[in-house]
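Asker: all I have is the shape, not the residue letters:
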Ligand code: GAL
């Protein structure tokens, strides 16, 4: 991330798809953008068919015209390479571009993203278009950033076609060096799976029963890398032709299929698409989590909210509009949590196609609408907040996030089905409620900046990383480890010296057996002298103390009375907690009150009333996510904040 940083003013605008409209609409678009305070437009995301109407025949004139108009209006451009949706002529001429599902179904054209990440034909055509775009627009006055492809893996994150199979074999050759190495790593002595050569290996296609788990995990790793390779092939051209223009591609929050730690390293700035569901009571929480994740992926650097819906989306069963004020509030939540820009999908609502009922900043009903007016208000706010750009945010708590563990927990033949994203969210929620900032951190840290490190279900992890985590507690900090951590090594072999590997002795426990209980009734619960009664679900474990103190025991089942929550105090005064069950959100909050000290009651009261308070730089953002007006005092200031609205104040702690 060494390139030109994002600069003020804060980005404000959205995807602009002028090719869907006759050119006489374009000037009206731009005039209305100016009126709304738009500073940036993402152009060209789905323009391939318009830019290259037939093989090798490029038509840039319309885009020249659009970019000129935007530049003349002082609006910057986040220019897409245009490769997200191959035109019909390409897949018609070259069906090898098309992706194939694990059941062998070829996905056809007529929607979007119909390419296999490993198709050499697709890559050849995509890089040719990228080069043409870079050469034509690399010095354009409106160009602020490159937007490579779009939402990699959104629809097709794994393809099982012939070329993907070949690329998978090469990836495995590179990883294991020899077929013996692979046989050993995959444990192919089991069920007669021994391979004689790499040529015999196939992707984990539909099979009679459970596939080799390491084969499946390696295919997940490979598939994330294959898309990353594709990104790299475009980014390399952009870096060659336009070395000073920053590059991004838009992420999708806490997204399972791609290992964003590996991806984020390749971007000049991180950007995110965020579509919280207005009908979901957890929406403010999941949005906050995504914001903090984006900041973490960029190691604290400012990021851009690249897409959000101004109101309703079109792809849920029932698409509830955002209530008045809430889009602005979510935008400001992003800024407060480290974003230096807020963009939308999209500028003008489409008349035709699959997204005609997806909201836009300029709706079908025109500019005289609450959606457009709210956009203009947000544009005004962002201008006022301009000097927040670049301001860093520091967190004292880290939650470890790991895609290998996520993919492993999704596999068949595990002790129980566990929802990794939900586990992370539950722990994040407890800190959110306390008003404490959280960073997400990969398994190898660094951890030294944090007072508390939480490790939810880090099932697949090396001994070295377990030792690194142990050092957190040994260095006098608080380490909180949950069930299903440290079970498997990266080849999915069970740790040789027992569950939890080298971490076990630092936690002061011995883990003998898993005892999932299922997440329906009966629920389980645990009780401790200090912790009191805590509700839990899904999971019990048979533990023995080996140096830890007992904080709570199970209340029910054959494990009643045996350890459920333990803590080992380290020589340097650190605490190493182990939680052998899935605590409910309330119970996690109560555990944190004991482990870290009571939460600030004012912050918790605000949170429980639906109020989120966030400081960044010289600003304080007080967001009312609830459906009723909130009146109360914050730091002696009397406030009255309407439903779904945000009040921006000076930050008293600045
Ligand atoms: C995103 C995509 C946009 C648009 C939007 C609709 O997945 O990047 O192009 O389709 O969703 O919500």
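Answerer: Great, that's in hand. Just so it is clear, the model here is predicted, and its values are computed rather than measured.
Asker: part of a helix, is residue 134?
Answerer: Yes - counting by DSSP: H, G, I helix; E, B strand; the rest coil, residue 134 is found in a helix.
Asker: count the residues that sit near it.
Answerer: 22 (other CB atoms under 10 Å). The way it works is simple: take the backbone N, C-alpha and C, and place the C-beta from them, glycine included.
Asker: pLDDT averaged over stretch 73-89 - what is it?
Answerer: Across stretch 73-89, the average pLDDT comes to 98.
Asker: secondary structure element for the residue in the stretch 151-300 of the chain positioned nearest to the ligand?
Answerer: In the stretch 151-300 of the chain, no residue comes nearer to the ligand than residue 151, which is 4.5 Å away by CB to the nearest ligand atom. Using DSSP states H and E, residue 151 falls within no helix or strand.
Asker: work out for me the element the residue of the stretch 401-550 of the chain found nearest the ligand sits within.
Answerer: The ligand sits closest to residue 421 of the stretch 401-550 of the chain, with a gap of 17.9 Å, by CB to the nearest ligand atom. Using DSSP H and E, residue 421 sits in helix 420-433.
Asker: buried residues in that helix?
Answerer: 420-421, 423-433 (16 or more other CB atoms under 10 Å).
Asker: any residues touching it, and which ones?
Answerer: 254, 256, 282, 285-286, 288-289, 292, 397, 399, 401, 405-406, 409-410, 437-438, 454, 456-457, 482, 582-585, 588-589, 591-592, 599, 603-604, 607-608, 612 (CB atoms under 8 Å, 6 or more residues apart in numbering).
Asker: which stretches of the stretch 151-300 of the chain have low pLDDT?
Answerer: For the stretch 151-300 of the chain, applying pLDDT under 70 flags no range at all.
Asker: tell me the buried residues in the lengthiest strand in the chain?
Answerer: Criterion DSSP state E: the longest strand present in the chain is strand 532-545. Buried residues in strand 532-545, counted by 16+ other CB under 10 Å: 534, 535, 536, 537, 538, 539, 540, 541, 542, 543.
Asker: restrict those residues to contacts with the ligand.
Answerer: When contact is defined as CB under 6 Å from any ligand atom, the buried residues of strand 532-545 do not meet the ligand at all.
Asker: got TSV for those residues, with pLDDT too?
Answerer: Shown next, in TSV, are the buried residues of strand 532-545 (pLDDT from 0 to 100):
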residue	pLDDT
534	97
535	95
536	95
537	92
538	92
539	96
540	96
541	97
542	98
543	98
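Asker: farthest-separated two in those residues?
Answerer: Pairwise distances across those peak at 20.3 Å for 535 and 542 (criterion: CB to CB).
Asker: hmm, back to that, the longest strand of the chain versus helix 420-433: what angle between them?
Answerer: Orientation note: strand 532-545 sits at an angle of 130 degrees relative to helix 420-433 (axes from the mean of the first three to the mean of the last three CA atoms, to 10 degrees).
Asker: ok, residues contacting whichever helix or strand comes after strand 532-545?
Answerer: Under the assignment DSSP H and E, the closest C-terminal helix or strand after strand 532-545 is strand 549-554. Applying CB under 8 Å, 6+ apart, the set of residues contacting strand 549-554 from outside is 508, 524-528, 530-531, 534, 540, 560-569, 577, 581, 594.
Asker: same check on stretch 315-332?
Answerer: 274, 276-279, 284, 287, 305, 308-313, 342, 357-359, 370-371, 374-375, 377-378, 381-382, 621, 623-625, 627, 642-646, 648.
Asker: any idea of the mean pLDDT in that stretch?
Answerer: 98.
Asker: quick one: end-to-end distance for that stretch.
Answerer: One end of stretch 315-332 sits 24 Å from the other (CA to CA, to the nearest Å).
Asker: check contacts around residue 10.
Answerer: For residue 10, the contact set (CB under 8 Å, 6+ apart) comprises 39, 335, 340, 341, 342, 382, 383, 385, 386, 388, 389.
Asker: thinking again about what came up before, any idea how far the residue of the stretch 401-550 of the chain closest to the ligand is from residue 401?
Answerer: Residue 421 is 10 Å from residue 401, where distance means CB to CB, to the nearest Å.
Asker: one more: residue 415?
Answerer: Noted for residue 415: a distance of 21 Å to residue 401, by CB to CB.
Asker: of these two, give the one with the bigger neighbour count.
Answerer: Using other CB under 10 Å, the more surrounded residue of residue 415 and residue 401 is residue 401, with 25 against 15.
Asker: so that one sits right up against residue 441, yeah?
Answerer: Yes - between residue 401 and residue 441 there is a contact at 7.1 Å, judged by CB atoms under 8 Å.
Asker: between these two, which contacts overlap?
Answerer: residue 296.
Asker: about what we covered before: what is the mean pLDDT for the helix holding residue 421?
Answerer: Mean predicted confidence for helix 420-433 is 98.
Asker: same question, stretch 499-516
Answerer: Stretch 499-516 shows a mean pLDDT of 98.
Asker: now that stretch, how far from the centre of its chain.
Answerer: 30 Å (CA atoms, centre = their mean, to the nearest Å).
Asker: smallest gap between the stretch 351-500 of the chain and the ligand, at which residue?
Answerer: residue 358 (5.3 Å).
Asker: ok, now which ones touch that residue?
Answerer: 309, 312, 313, 314, 315, 345, 346, 349, 350.
Asker: of these, list those near the ligand.
Answerer: For the ligand, the contacts drawn from the contacts of residue 358 by CB under 6 Å from any ligand atom are 309, 313, 345.
Asker: dump those to CSV, plus neighbour count.
Answerer: Below are these laid out as CSV (neighbours: other CB atoms under 10 Å):
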residue, neighbour count
309, 26
313, 19
345, 23
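Asker: so where is the stretch 1-150 of the chain shaky, pLDDT-wise?
Answerer: When residues are selected by pLDDT under 70, those of the stretch 1-150 of the chain lie in 1-7.
Asker: the residue in it that the ligand sits nearest to - how many residues pack around it?
Answerer: Closest to the ligand within the stretch 1-150 of the chain is residue 150: 5.1 Å, counting by CB to the nearest ligand atom. By other CB under 10 Å, 24 other residues sit near residue 150.
Asker: same question, residue 147
Answerer: 24.
Asker: re earlier: how about the residue of the stretch 351-500 of the chain closest to the ligand, secondary structure?
Answerer: Per three-state DSSP, residue 358 ends up coil.
Asker: tell me the buried residues in whichever helix or strand residue 504 is part of?
Answerer: Assigned by DSSP H and E, residue 504 belongs to helix 503-507. Within helix 503-507, the residues that count as buried by 16+ other CB under 10 Å are 503, 504, 505, 506, 507.
Asker: what about the spatially closest residue to residue 500 that is not a sequence neighbour, distance to residue 462?
Answerer: Distances taken as CB to CB, 6 or more residues apart in numbering put residue 486 closest to residue 500, at 4.1 Å, once the chain neighbours are dropped. Per CB to CB, residue 486 is found 10 Å from residue 462.
Asker: ok, these two, which is more surrounded?
Answerer: Of the pair residue 486 and residue 462, residue 486 is the one with more neighbours under other CB under 10 Å, namely 26 against 17.
Asker: got the phi/psi numbers for the more buried one?
Answerer: For residue 486, the backbone dihedrals are phi 70, psi 30 (criterion: degrees, to the nearest 10).
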